[in-house]
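1. Need coordinates for the following:
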Amino acid sequence: MAVELDPQKLFEVFKKHASVEKDGEHLMTSSDFIRNYLRMLPNENHNKETVKLLSSVADYTGDGFISWPEFQAFEAVLNLPDSLYHVAFQMFDMNCNGKITFDEVKSIFSKTSCHQQIPFNWDCDFVRLHFGSKKEKTLNYFEFTQFLQDLQVEHAVQAFKRFDTNGKGIITSLAFRDIMETIRPHLLTDFVKEKLVAVVAGCGQQSVSFTYFQAINSLLKNMELVKKIYETVVGKGQDKPVTKGEFLLGAQRVSRLTPLEVDVLFQLSELCGGKGRITMRTLDMITPLEEGSMPYNIATQQETIPENRPVYMAVLENAYRFSLGVIAGGVGATAVYPIDLVKTRLQNQRSTGSYVGELMYRNSFDCFFKVLRHEGFQGLYRGLIPQLVGVGPEKAIKLTMNDLVRDVVRQDGKVPLWGQILAGGCAGGSQVMFTNPLEIVKIRLQVSGEIAGAPKVSALKVVKELGITGLYKGARACLLRDIPFSAIYFPAYSNIKEALASPDGHVAPWKLLLAGTLAGAPAASLTTPADVVKTRLQVKARDGQTQYKGMIDCFKKVYAEEGFAAFWKGAPARVFRSSPQFGITLLTYELLQRFFNKDFGGRKPIGSTHKPKYVHVSDLPPITPDHMGGYRLAAATFAGVERKFGLALPRFEPMTPAITNKTPA
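-> Numbering: from 1, shown residues only. Down below sits the predicted model:
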């Protein structure tokens, strides 16, 4: 359905992005249209030829510029129900005459990544049937749409023959995976891509026959039909397990789905825990994106918070995030508490004023085993209860504040690096109101077991002794530690997670844990000096030990008495505690969000949602306010053309002129 649009507003947008004025007429260059307006290929090392080719879809006269009438006409094309085919047709119509020649097809397809990796044989019967024996016939729009579909099938068959070096009608499972990922990626969900080789083995084959190759391609292409057969068997709207026999019976009634295709379907189901049955959830994992859908990462970039969202919904959203943060913080703290105790004991160990009977530790392992020997297993968890009481709100406010500030500074669906650092710093500063009282009590409990035979110390006794003011002793050092820590940690976590994401933007749980753990190492190690000073200020000094008047005084005295190395005491233990703790905390936080998947009408924090089955382009808001009318669908339409028709053009300028083709295994 066409999107209502004010032509005058669209014209103002056109003039804003048109950098050329010729004879009083405003014109867009290729770069104006693709890079500045549509915000595609933003990198400096972008492929200039690709930019020109993509912009040609709106350049109806072929003069290298886009005029206002052309800009307006292409907006109308983007609103058509078959816009993917129209955009592809205009990309190939290099002569702008409404007809596609063989030379135009070969010229553009030869530049795509799939044809460069697995070359297409243009001297074949398939080409002669479409363009004639002399390849002089041209294709109109409707003929071209059918040709696009058939070309991918022909390319896949040619690739099979290419890898079948012995002419026996079989290829290796790895060659099969290469063909599918290169030529037919639009048929593959993440699950299917991961299980391509496994499903071959599950069918009792070490290699892939041409019959099997055709069967799996046919199955994946007809998954929507498979869903209809399933609904015929169980009833519309139902989600019940269906056996192979039940499904085969339903398939014979509805379509000509072959027993081999059904066998492949149930093998895929078995690999996701189907146990001989299929459900709608199983089928969703196998079904490719529908036409008009777009990849997850592009969809999430176009999500925005509704302007009319009630205030109470925003309050509920933050309360929800806070609750999940409490649980995640408790899980993470408990998992690494023994390491935290070892870190504190080492940081408090001084070269002067040691008591007789005070246990001295050579390193982290020595400390761990001495605590275990002298204080028992429970000694490793001394001070855990007050830690859990405070660490829940502490981690919750940190995670909530980070998400909140990221939402505020987000620009065009992305958070710039400065915004990530600002959000992390605000998160670190906001937690100190919980962190300081918590840590001073925890630290005094942790070091209370260092003197053999010393009376037991309780959390309540420590609180009474310190009072409200005393609970915030060392707060400045705590700020000096927590603000840089979070300013380093959260941007590092976000960028590592993005680097580990799959092409559709989703991050698997083990990658979340890895990202959280890796990000903790630099953050924990670089802030160790501030942590040492904070520990010295918060521990109750014994007779004969150096007294500290404040943060600066502590820095000076530690350096004078113990040297620069003292500021790095417990650094390994701190890294080994903070890295896994935050890894576990963030993993728990994100998995809880995915599990409950609550929608408060706002932007969910990164990692809070499951991968959607598909997101339709018409359901999404524009990337920028300038993308109005059909142009709100432009980026998604180009992505759809690339995915559906295999028209993945090079994004960057080549480093070398040589192109390496895949060779048969």
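2. Name the nearest residue to I66, sequence neighbours excluded.
-> M28 (4.1 Å; CB to CB, 6 or more residues apart in numbering). To be clear about C-beta, it is placed using only N, CA and C from the backbone, and glycine gets the same treatment.
3. Q149 versus K137, what's the distance?
-> 18 Å (CB to CB, to the nearest Å).
4. neighbour count winner among these two?
-> K137 (15 against 12; other CB atoms under 10 Å).
5. So that one is in contact with H130, correct?
-> Yes - proximity of K137 to H130 meets the contact threshold set by CB atoms under 8 Å, at 7.4 Å.
6. Helices along the stretch 201-350 of the chain, start to end?
-> Counting by DSSP state H, counting those that start in this stretch, the stretch 201-350 of the chain has these helices, from start to end: 210-221, 223-234, 244-254, 259-271, 280-286, 296-301, 311-348.
7. in the first one, what's buried?
-> Using 16 or more other CB atoms under 10 Å as the test for burial, helix 210-221 gives 212-217, 219-220.
8. before we move on, what about the fourth one?
-> Using 16+ other CB under 10 Å as the burial criterion, the residues of helix 259-271 that qualify are 260-271.
9. Break down the protein into its strands, ranges please.
-> Assigned by DSSP state E, the chain shows strands spanning 20-22, 25-28, 66-67, 170-172, 207-209, 242-243, 277-278, 293-294, 615-616.
10. Export those strands as CSV, with columns for distance to D340, mean pLDDT and mean neighbour count.
-> Shown next, in CSV, are the strands of the chain (distance: least, CB to CB, whole Å; pLDDT from 0 to 100; neighbours: other CB atoms under 10 Å):
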stretch, distance to D340, mean pLDDT, mean neighbour count
strand 20-22, 63, 89, 10
strand 25-28, 59, 92, 19
strand 66-67, 61, 92, 25
strand 170-172, 51, 91, 21
strand 207-209, 53, 89, 20
strand 242-243, 51, 88, 18
strand 277-278, 47, 88, 22
strand 293-294, 45, 44, 22
strand 615-616, 42, 47, 19
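11. With respect to Q545, which of these lies nearest?
-> strand 615-616 (62.0 Å; CB to CB).
12. hmm, back to that, of the buried residues of helix 259-271, which pair is most distant in space?
-> So, those by CB to CB: farthest apart are L260 and L271, at 17.1 Å.
13. helices and strands of the protein: which one bottoms out on pLDDT?
-> helix 296-301 (a mean of 40; mean pLDDT, DSSP states H and E).
14. Same question for stretch 56-71: list its buried residues.
-> 56-60, 65-68, 70-71.
15. I'd say P572 and S364 touch.
-> Yes - between P572 and S364 there is a contact under CB under 8 Å: 6.0 Å.
16. Give me the distance between stretch 563-578 and the centre of its chain.
-> Counting by CA atoms, centre = their mean, to the nearest Å, stretch 563-578 is centred 32 Å from the centre of its parent chain.
17. hmm, who's touching it?
-> 336, 339-340, 342-344, 346-347, 349, 364, 367, 485, 520-521, 523-525, 528-529, 531-533, 558-559 (CB atoms under 8 Å, 6 or more residues apart in numbering).
18. Can you flag the buried ones in these?
-> If we count by 16+ other CB under 10 Å, the contacts of stretch 563-578 have these buried: 336, 339-340, 342-344, 346-347, 349, 364, 367, 485, 520-521, 523-525, 528-529, 531-533, 558.
19. Select, out of the helices of the stretch 201-350 of the chain, the one closest to R643.
-> Nearest of the helices of the stretch 201-350 of the chain (CB to CB): helix 296-301, 10.3 Å.
20. what about the helices of the stretch 201-350 of the chain, which gets the closest to S494?
-> helix 296-301 (13.5 Å).
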